[in-house]
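**Student:** the following comprises the amino acid sequence and a computationally predicted model.
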There are 2 protein chains.
Amino acid sequence: MTGEATPHVTDDANHGATTVPPVEELPSTAPPAAPQVDADLGAGERAGRRPPAVDVPELARLLDGRYAEVRGLVRSNLADYASILEEAETLSRADYRERVRDLVVEMAATGQTGMGFPEEYGGGGDLGASIAAFETLAFGDLSVLVKVGVQFGLFGGAILQLGTREHHDAYLRDLITGKLMGCFAMTESGHGSNVQALGTVATYDLASGEFVIETTSEQARKDYIGNAAAHAELAVVFAQLHVGGESHGVHAFVVPIRQDGEPAPGVRIEDDGLKMGLNGVDNGRIWFDRVRVPRSALLNRFAEVSPSGVYSSPIENPNKRFFTMLGTLVQGRVSVGGAGINAAKVAITLAVKYALRRRQFEATSEDAEELLLDYGLHQRRLLPLLARTYALHFAQEVVRGQLHDVLSEAGDGSAEDEHARRELESRAAGTKALGTWHATRTIQECREACGGAGYLSVNRFAALKADTDVFTTFEGDNHVLLQLVAKGLLTDYASDFEDLDQLGTVRFVTSLAVETVIEKTSVHKLLERIRDVLPGGDQWDQEAGLLDSDYQLAMLRFREEHMLSGVARRLKRGMDQGMNPGEVFSRVQDHVVAAANAHVERLTLEAFVDKVRGLPDGDTKVALGLLCDLHALSAIEADRAWFMEHGRLSVNRSKAISREIGSLCRQVRPIAGELVDAFGVPPEMLRAPDLLGTEA
Amino acid sequence: MTGEATPHVTDDANHGATTVPPVEELPSTAPPAAPQVDADLGAGERAGRRPPAVDVPELARLLDGRYAEVRGLVRSNLADYASILEEAETLSRADYRERVRDLVVEMAATGQTGMGFPEEYGGGGDLGASIAAFETLAFGDLSVLVKVGVQFGLFGGAILQLGTREHHDAYLRDLITGKLMGCFAMTESGHGSNVQALGTVATYDLASGEFVIETTSEQARKDYIGNAAAHAELAVVFAQLHVGGESHGVHAFVVPIRQDGEPAPGVRIEDDGLKMGLNGVDNGRIWFDRVRVPRSALLNRFAEVSPSGVYSSPIENPNKRFFTMLGTLVQGRVSVGGAGINAAKVAITLAVKYALRRRQFEATSEDAEELLLDYGLHQRRLLPLLARTYALHFAQEVVRGQLHDVLSEAGDGSAEDEHARRELESRAAGTKALGTWHATRTIQECREACGGAGYLSVNRFAALKADTDVFTTFEGDNHVLLQLVAKGLLTDYASDFEDLDQLGTVRFVTSLAVETVIEKTSVHKLLERIRDVLPGGDQWDQEAGLLDSDYQLAMLRFREEHMLSGVARRLKRGMDQGMNPGEVFSRVQDHVVAAANAHVERLTLEAFVDKVRGLPDGDTKVALGLLCDLHALSAIEADRAWFMEHGRLSVNRSKAISREIGSLCRQVRPIAGELVDAFGVPPEMLRAPDLLGTEA
């Protein structure tokens, strides 16, 4: 909750005796609500349903899914190394870093961190398992998580995905064990999101057959690079490749940056200093002063320079080549999104458990104070966040599955393959954005819901808040990522258009007739589909039941399609008026981001609905159904102004949704404890003896 | 921005050529918008107004107001002791605490911290100046701020406000210089917000004429007490007073807790350990094992125990007595609210200055990257927060003035005096809640708007975020404070009813006919007033100009009145249905908080509008007018769903408001730098050499 008006409260003047002058409402075509005994009761409450009995182990198995085993391994490792949570507070920064490094190497020995690498190099050969392991690691110290992400995801992933056999043979075995530490030197002080504009240059020197790596300006120094300040021996350096006086855009090179603990010749390294969080990770800056590396240092899966200085690439278009290389980052985004969602689980587990113990103020009785979670407001603060955490968990399951499938299959380079890859990149970007924002928001609300006690470091919120904060802007700034999502939607992930930059996209979209863009969008024909599944035909949005998942999905689908076509129309209108394309984009930018957001919200709800529908009848299905309804209606409520503005929500129905959410919160209340237990956060990771009543 | 749908984007289907199927909109009685050349241009843009020229020193003087001198002193002190910002990161926790203590004592010597105490004891005799000094201190290290707050505001304030001359003579002179350090021992592990239920007991021992202070259970230990772990010699201890077997409720006692650096006999002290932030403040826990203090230890302004054990008080009703004592906390709340607002100024100053320097992506030109602040989305993220910061600044000015007036005048105990005091308490509570939530939100958004660079500690966000986090829950949990505000509104601050607890309030409100509650509310007859000032009579909400302040105010007034009467109706309906009052309250609780929020939002906008109206014509007035419009329309937009649901906003008008906000952002854009400069945050407090381009 911010200081702004609480958006979910409707002051419902339609019910109950009143003597104030009646307030005129916008006319609505909705039928009058049926008479109700208690206007505040929701459908489930009126039906007098008993709360479902939640079988925690069964639900936990459902959540862990096919990766229960590796998740179990990580949970057990987390418990074994639980002391790191306290060491993060007591050790000096230098010692904490060393401890994190040691711990990463020890965990690597259990096989936990190498799941995604080929078995022939000692990896697990299962990319999905690798992501699941990473997500689970987010229950614990997040410096460990990020160090793992840098070493095995970014550095290791770049070697694996951008390199070829020669690089794999040279580095993979040692990096999987953590014997060889590396870093991923992409970002520069001057350029983060705009990777195409990096300033570092790698010039091919024909005479020696070497590349010369150079930091061309102060803004071109590599910055915020994890593992750089203390531990990395190698760096994968992204630099503009110059060959024979011609620039070929950004490419990646393996560059030794440290030997025997000292910076390599020509390399200068500086510590980034204290950070808000993640101080167990050694972030640093790197300058290259004409550092020479052999020709084989180019990670050459997508481009090669011959000894005689001839550049070649299987991908002709330089923009497309760049985006293909960058596409290999998709794994990192899927990982970070999942980590954010799991960090949120820790926070919501703490806040719900505390609210089930802590009493404050006499409310229903003169003799006993009330449990926090029995307050309507407290339910409203926490339970929709709990429902959304479940929704994002299942959305993450889908994107993790797609990642596994797309990257595990060789692919034949067909248009279909390309399309699947683009869709994966878009989905990964969107889920990362929503998952990490959800983490920031949930951790904040849960801290506040635990009062002053939540401010003590022993209660995890301090570390959770500080460490996850950067998730929203690293591995792709969330706002930039959502623009990437929108671009994919506007171009239907067509590989011919995916290589467009921002200006190019505006020009492309506006060069088409608006109907062509609509035709191209992947949500095309949604409205027709909606009319097929929902009663009422064109009145679907007024006659369907609020708890009908088809209705909920139809609402989110409608919003997505409408927003997307609105963006296309607005771009075209601006261009037709002769405005500069950049200015047009600037003015439409919030609509672009909103459309992308609507798209990912729809995917998220679909994932949750599909999961619930696929379950056998029983209490678990009922419980998840309640959560799914709570999530869906909360999502609609959060944007109910838009739905009203666009004719898809009457005033009465909007108010009914808010009432139904209150009712769903009351129905989830009795099972809230079980619902957080099923996340399976190891008790050692919760700490918080005072919040949980586990003090000695 | 959270992961939820961006609430401010309307996909306006009414303008521009379109070939998609037309979307049915809710019928609206609003007249069709006048034809526009560019539908996205706002009124100001269409009029082709030139941007106002902002005279920064003039605007800074306006912001500093009557306390420019003391603010200047604090700014100069902050600059002199700027090294504390770095020392907070480099010193050990123990050394940092000592450094903060020393700094507080040194600042005290400049007179800065004693402004609010009587001159006869060495104070400044100006309460308003004291608050202004405190607010300004929030530009710097916040451990220093909180240490000052604990020592001079809470501890010193309790001695001053709850004690009588004997206590003043004994303690004030030494505490003003910082020679005598004290703490404010109210909160216990088991009770924070519910002070009436504290577990510590002070029993009057007739035989010795002493009070015996005792911690009666583990949950009754004092907790999170600032200054307790290391520095305080005295504590003002809040405890249940027992005299002759009878309990008289919570009273305050002066208890020595530390002598020569060691805990006093019978006193046990424990460090609260590492916290999320504010680690320069020594928070701790205190247990009292039958500690004896003389009869004079009772701070006896509102109650006395005679040597023979007779209890007496000028305030007969125990509940009222309790709330009167607690009312002295009002100063702390005004202080914390102001500190939150000023901490937000530091964040927004950094983010705006960065956005005026940092370029990323080619947008309007192929050759140069675009300044962040020229992106529409970036403007949308930052500029409404800037406008709201100004709004809250002026709202704080009003509550500070009221505090000064109410507490500086002796008062005659008349009903009028009482009413003014209650209104002050309510306003202080509400402004504190909105100001501190604004800080949390602004700091977060500004950090994200500075990308990964914002994550480095040198850039201030780390400290700002960690240190301010607890502001929303200390000095009164914000949600509890807003309920206090609502209670005041529902009872019209009547002193006869102010002493009601939660259950009592529900019973009281529901015991009245609803119309009586409406009659009693201070916003009564607003609609009549609205009709008087706005054109259109009953159509005021459709015919007034969006940039008409009377329209904007009328909207917020309408919402407040409607929400408040809705709460009364709902309470009554629940009771009429025979529900338990506590359950009724629980279900209405989110409406209660929303109504209070609406009230404080209205007060905030009124403060801003009044300030602008009082200015002489000129560019400063124009500039603040733009900001005021931006703030007002953003506030309406944030709750536009509610306004639509309650018949006060048509679909077309709602969309027009969103467009106007975009336009106002573009008009504020050219003066954004000057607007943050006028806050006068000392450059030393900004640090952030990389963000601001001040690197060596």
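**Tutor:** The structure has been received and is ready for your questions. Numbering: from 1, shown residues only, chains lettered A, B, ... in the order given.
**Student:** so which residue is dead centre in chain A?
**Tutor:** Centroid check for chain A by C-alpha atoms, centre = their mean gives A:Lys432 as the closest residue, at 1.8 Å.
**Student:** so where's chain A shaky on pLDDT?
**Tutor:** Within chain A, the stretches with pLDDT under 70 are A:1-40, A:410-413, A:493-531, A:535-537, A:695-696.
**Student:** returning to that earlier point: SS state for the residue nearest to the centre of chain A?
**Tutor:** helix (DSSP: H, G, I helix; E, B strand; the rest coil).
**Student:** now it. Nearest residue, chain neighbours left out?
**Tutor:** Counting by C-beta to C-beta, 6 or more residues apart in numbering or on different chains, A:Lys432 lies nearest to A:Gly337, which is 3.7 Å off, once chain neighbours are set aside. Bear in mind the C-beta positions are built from the backbone N, C-alpha and C, glycine included.
**Student:** number of nearby residues for that neighbour?
**Tutor:** 32 (other C-beta atoms under 10 Å in any protein chain shown).
**Student:** would you agree A:Leu350 falls within a strand?
**Tutor:** No - the assignment for A:Leu350, made by three-state DSSP, is helix rather than a strand.
**Student:** all strands of the stretch 501-650 of chain A, in order?
**Tutor:** For the stretch 501-650 of chain A, applying DSSP state E, counting those that start in this stretch gives no strands.
**Student:** verify the stated contact: A:Met115 with A:Ala133.
**Tutor:** Yes - between A:Met115 and A:Ala133 there is a contact at 5.5 Å, judged by C-beta atoms under 8 Å.
**Student:** between those two, which one's more packed in?
**Tutor:** A:Ala133 (28 against 23).
**Student:** which is the next helix or strand following the helix or strand containing the more buried one?
**Tutor:** Per DSSP states H and E: A:Ala133 is located in helix A:127-137. Using DSSP H and E, the helix or strand that follows helix A:127-137 in sequence is helix A:142-148.
**Student:** neighbouring contacts of that next one?
**Tutor:** A:81, A:84, A:88, A:96, A:100-101, A:103-104, A:107, A:113, A:134, A:137-138, A:226-227, A:277-281, A:339, A:343, A:463-464, A:467-468 (C-beta atoms under 8 Å, 6 or more residues apart in numbering or on different chains).
**Student:** circling back to that earlier point, against A:His393, how distant is the residue nearest to the centre of chain A?
**Tutor:** Computed as C-beta to C-beta, to the nearest Å, the A:Lys432 to A:His393 distance reads 14 Å.
**Student:** same question for A:His378.
**Tutor:** 23 Å.
**Student:** same deal with A:Phe155?
**Tutor:** 28 Å.
**Student:** which one's more surrounded, those two?
**Tutor:** Taking neighbours as other C-beta under 10 Å, A:Phe155 and A:His393 compare with A:Phe155 leading, 26 against 23.
**Student:** excluding chain neighbours, what is closest to that one?
**Tutor:** A:Gly182 (3.7 Å).
**Student:** list phi and psi for that neighbour.
**Tutor:** The phi/psi pair for A:Gly182 (degrees, to the nearest 10) reads phi -140, psi 170.
**Student:** ok, it - contacts?
**Tutor:** By C-beta under 8 Å, 6+ apart, the neighbours of A:Gly182 are A:151, A:155-156, A:159, A:171, A:175, A:227, A:232-236.
**Student:** which one of these is nearest A:Val255?
**Tutor:** Nearest to A:Val255, judged by C-beta to C-beta, of the contacts of A:Gly182 is A:Ala235 at 5.1 Å.
**Student:** okay, the helix or strand containing that closest one in PDB with CA atoms only?
**Tutor:** According to DSSP H and E, A:Ala235 maps onto strand A:234-243. Taking Å, rounded to 0.1, in the frame of the first residue of the first chain, the C-alpha atoms of strand A:234-243 are listed here in PDB:
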ATOM      1  CA  LEU A 234      38.500 -15.100 -16.900                       C
ATOM      2  CA  ALA A 235      36.000 -12.600 -18.300                       C
ATOM      3  CA  VAL A 236      33.700 -13.000 -21.200                       C
ATOM      4  CA  VAL A 237      34.100  -9.500 -22.600                       C
ATOM      5  CA  PHE A 238      31.500  -7.900 -24.900                       C
ATOM      6  CA  ALA A 239      33.200  -5.500 -27.300                       C
ATOM      7  CA  GLN A 240      32.700  -4.000 -30.700                       C
ATOM      8  CA  LEU A 241      34.500  -6.100 -33.200                       C
ATOM      9  CA  HIS A 242      36.700  -4.200 -35.600                       C
ATOM     10  CA  VAL A 243      38.300  -6.100 -38.500                       C
END
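**Student:** give the next helix or strand downstream of that strand.
**Tutor:** Counting by DSSP H and E, what follows strand A:234-243 is strand A:246-256.
**Student:** now for that following strand, which elements pack on it?
**Tutor:** helix A:156-162, strand A:210-214, strand A:234-243, strand A:291-294, helix A:318-327 (3 or more C-beta pairs under 8 Å, 6 or more residues apart in numbering or on different chains; DSSP states H and E).
**Student:** quick one: contacts for the residue lying closest to A:Ser247 once chain neighbours are set aside?
**Tutor:** The shortest distance from A:Ser247 to any non-neighbouring residue, by C-beta to C-beta, 6+ apart, is to A:Gln240 (5.7 Å). By C-beta under 8 Å, 6+ apart, the contact set of A:Gln240 is A:198-202, A:247-251.
**Student:** quick check: bridge partners of A:Gln240?
**Tutor:** According to DSSP bridges, the partner residues bridging A:Gln240 are A:Val201, A:Val250.
**Student:** next one: it from A:Gly327, what distance?
**Tutor:** Taken as C-beta to C-beta, the span from A:Gln240 to A:Gly327 is 19 Å.
**Student:** backbone dihedrals for A:Ser208, please?
**Tutor:** When quoted as degrees, to the nearest 10, the phi and psi of A:Ser208 stand at phi -100, psi -10.
**Student:** report the beta-bridge partners for the closest residue to it other than its chain neighbours.
**Tutor:** Using C-beta to C-beta, 6+ apart and skipping the chain neighbours, the partner closest in space to A:Ser208 is A:Arg292 (7.0 Å). Beta bridges link A:Arg292 to A:Val212 when assigned by DSSP bridges.
**Student:** what about A:Arg292, distance to A:Cys183?
**Tutor:** A:Arg292 is 19 Å from A:Cys183, by C-beta to C-beta.
**Student:** between those two, tell me which one has more neighbours.
**Tutor:** A:Cys183 (30 against 14).
**Student:** looks like the more buried one contacts A:Val236 (just checking).
**Tutor:** Yes - between A:Cys183 and A:Val236 there is a contact under C-beta under 8 Å: 7.4 Å.
**Student:** mutual contacts of those two, please.
**Tutor:** A:154-155.
**Student:** ok, A:Lys353 - contacts?
**Tutor:** Contacts of A:Lys353 (C-beta under 8 Å, 6+ apart): A:673, A:676, A:686, A:691-692.
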